[in-house]
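# below is the sequence, then the predicted model.
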Amino acid sequence: MQYQFIESEQELADYCRQASLKSFIAVDTEFVRTRTLYPRLGLVQLYDGEQLALVDPVAISDLTPLKNLLTNESIITVLHACSEDLETFWSAMGIVPTRVFDTQVAAAMLNMGSSLGYAKLVEEMSGVILDKGESRTDWLARPLSQQQLHYAANDVLYLFNLYPQLAEQIEQQQKTAWVFAEVLQVIAKKQAVLPLECAYLTVKNNWQLKGRALLVLKRLASWRLQTARERDIALNFVLKEQAMLELARRQPGSKNALHGITDLMPQDIRRHGDSLINVISQALSLPPEHYPAHVERLVDFPAYKKTSKALRDLCVKVAQQNGLPVEMLGSKKQINQLLKWLWFELDESKLMGLKPDLISGWRAPLLKDGIDRILPAN
């Protein structure tokens, strides 16, 4: 396989100048995200149909030519399962590609499967079986082996050839706008930021707490998220959820008492013990009017079971009419997202300025009449 390994700003500028003349380019990223909150970019693969390039962001400090290429409105960026790639571009370079055609989304809209993997899609459409043996490599380590580079190059070599076939079939079914609209929703979610004071709403089993204990959890979750963002540490490497819940229940008053918390590691106490005690003591000093309202659950709403089933039946019907997998149109998670947005006083999507999938983007005109019948007051 012929590819160019780009390690200098001049090489990158030259390649991006050539690629900017094309109507579409195949793009992929390799990143590392083991202990960090944000993905760390290790490699960017590009193929414009003439030259396949592997860009080394570890060696190149100024990626401006690449940013300009990806945000060029005249070029379609072809990605597969783009969610993590978009997040990586956003966190590493502060941009997201302007026009993204996601081949996984396109395959789903062609009813080939709701979440078809890249290797499986390549096999189905071209008969080529790809080796996925390097998928868990450390992409920040240098030097990268020839085997690693070959694996990375394959991720755009075949992607480039998939695009024209998928784009033609999607256009025949008049779903091209849907593919681009779906990616815009993904981008909105990746750029949305949850307010620190609402971080406790994402903690599993938060509903089990109330009053003072819930306030402690709220303050701990806010501290954990802020610490993770400031230090770029994965949330559970700052403090595990189960440890947070136990701290909220037991409310230890001294650093010594932290040793009795089952899910709190000795290194956690060394690093964060003083901060944890400070957060807990501040929460305990507040009067009851500061206690959060009890956390709502969908299962506690009498109409939930009947309404969610009606929405599911609607999604099944509309999906069949439009040749879509139901999980692509309206999954259980997306149905719950809508009901939380409508029924909850405090809802994550609403707090981040996001509208539920089922009533926005390309899904809205397909589902609006049915949703209005099921939920006439929404």
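Cool, got the structure.
# where does the stretch 51-200 of the chain dip in pLDDT?
133-135 (pLDDT under 70).
# could you look up the SS state of the nearest residue to Lys132 once chain neighbours are set aside?
Of all residues not flanking Lys132 in the chain, Ala119 sits nearest, at 5.7 Å (C-beta to C-beta, 6 or more residues apart in numbering). From N, CA and C alone the C-beta is placed, and that goes for glycine too. Of the three states, Ala119 takes helix according to DSSP: H, G, I helix; E, B strand; the rest coil.
# pretty sure Ala119 is touching Ser126, no?
No: with contact defined as C-beta atoms under 8 Å, Ala119 does not reach Ser126; the gap is 10.9 Å.
# neighbour count: the two, which is higher?
Regarding Ala119 and Ser126, a neighbour count based on other C-beta atoms under 10 Å identifies Ala119 as having more, with 18 against 13.
# got the contact list for that one?
When contacts are counted by C-beta atoms under 8 Å, 6 or more residues apart in numbering, Ala119 touches Ile129, Leu130, Lys132.
# and the closest residue to Trp178 other than its chain neighbours, what pLDDT?
With C-beta to C-beta, 6+ apart as the criterion, Trp178 has its nearest non-adjacent residue at 4.1 Å, and that residue is Trp362. The score at Trp362 is 98. That number is its pLDDT.
# so how far is Gln185 from Trp362?
Applying C-beta to C-beta, to the nearest Å, the value for Trp362 to Gln185 is 9 Å.
# helices or strands up against the strand or helix carrying Glu327?
Taking DSSP states H and E as the definition, Glu327 sits inside helix 326-329. Applying 3 or more C-beta pairs under 8 Å, 6 or more residues apart in numbering; DSSP states H and E, one finds that helix 326-329 contacts helix 304-321, helix 363-374.
# same list (those helices) but as CSV, adding distance to Arg250 and mean neighbour count.
Putting these into CSV (distance: least, C-beta to C-beta, whole Å; neighbours: other C-beta atoms under 10 Å) gives the following:
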stretch, distance to Arg250, mean neighbour count
helix 304-321, 32, 16
helix 363-374, 44, 16
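# I'd like those laid out as a markdown table, including distance to Leu70.
Below are the helices and strands packed on helix 326-329 laid out as a markdown table (distance: least, C-beta to C-beta, whole Å):
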| stretch | distance to Leu70 |
| --- | --- |
| helix 304-321 | 32 |
| helix 363-374 | 27 |
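# minimum distance to Glu30: which of the ones you listed has it?
Glu30 lies closest, by C-beta to C-beta, to one member of the helices and strands packed on helix 326-329: helix 363-374, at 31.7 Å.
# rounded mean pLDDT for stretch 323-333, please.
For stretch 323-333, mean pLDDT is 96.
# enumerate every residue touching Glu197.
By C-beta under 8 Å, 6+ apart, the neighbours of Glu197 are Lys218, Ser222.
# gap between it and Pro292?
Computed with C-beta to C-beta, the distance linking Glu197 and Pro292 is 9 Å.
# what's the overlap in contacts for the two?
Applying C-beta under 8 Å, 6+ apart, one finds that Glu197 and Pro292 are jointly contacted by Lys218.
# for Ala106, give me its contacts.
Neighbouring residues of Ala106 by C-beta under 8 Å, 6+ apart: Leu166, Ala167, Gln169, Ile170, Lys175, Val179.
# count the neighbours of the fifth one for me.
Going back to what we said before, that points to Lys175. Count around Lys175 with other C-beta under 10 Å applied: 20.
# what's the nearest residue to it if we skip its chain neighbours?
In space, and not counting its chain neighbours, Lys175 is closest to Met109: 4.9 Å by C-beta to C-beta, 6+ apart.
# report the central residue of this structure.
Ser83 (5.1 Å; C-alpha atoms, centre = their mean).
# show the contacting residues for that one.
Contacts for Ser83 (C-beta under 8 Å, 6+ apart) come out as Val186, Lys190.
# Val96 versus that one, what's the distance?
The gap separating Ser83 from Val96 is 11 Å, by C-beta to C-beta.
# residues bridging contact with the two, i.e. touching both?
In contact with both Ser83 and Val96: Lys190, using C-beta under 8 Å, 6+ apart.
# how much space between Leu63 and Lys175?
Here the criterion is C-beta to C-beta. By it, Leu63 lies 33 Å from Lys175.
# oops, could you answer that again for Glu197 instead?
Taking C-beta to C-beta, one finds Glu197 at 40 Å from Lys175.
# in what helix or strand does Glu30 lie?
strand 24-32.
# now do that strand: everything it contacts.
So strand 24-32 is contacted by 19, 39-48, 69-70, 75-80, 84-85, 88-89, 92, 97, 101, 137-140, 152, 155-157, 159-160, 163 (C-beta under 8 Å, 6+ apart).
# how about it as PDB, C-alpha atoms only?
The C-alpha trace of strand 24-32 is given here as PDB (Å, rounded to 0.1, in the frame of the first residue of the first chain):
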ATOM      1  CA  PHE A  24     -14.800  14.700  -1.200                       C
ATOM      2  CA  ILE A  25     -12.100  13.100   1.000                       C
ATOM      3  CA  ALA A  26     -12.100  10.100   3.200                       C
ATOM      4  CA  VAL A  27     -11.100  10.800   6.800                       C
ATOM      5  CA  ASP A  28     -10.400   8.900  10.000                       C
ATOM      6  CA  THR A  29      -8.700   9.400  13.300                       C
ATOM      7  CA  GLU A  30      -6.800   7.300  15.700                       C
ATOM      8  CA  PHE A  31      -6.800   8.500  19.300                       C
ATOM      9  CA  VAL A  32      -6.100   7.400  22.900                       C
END
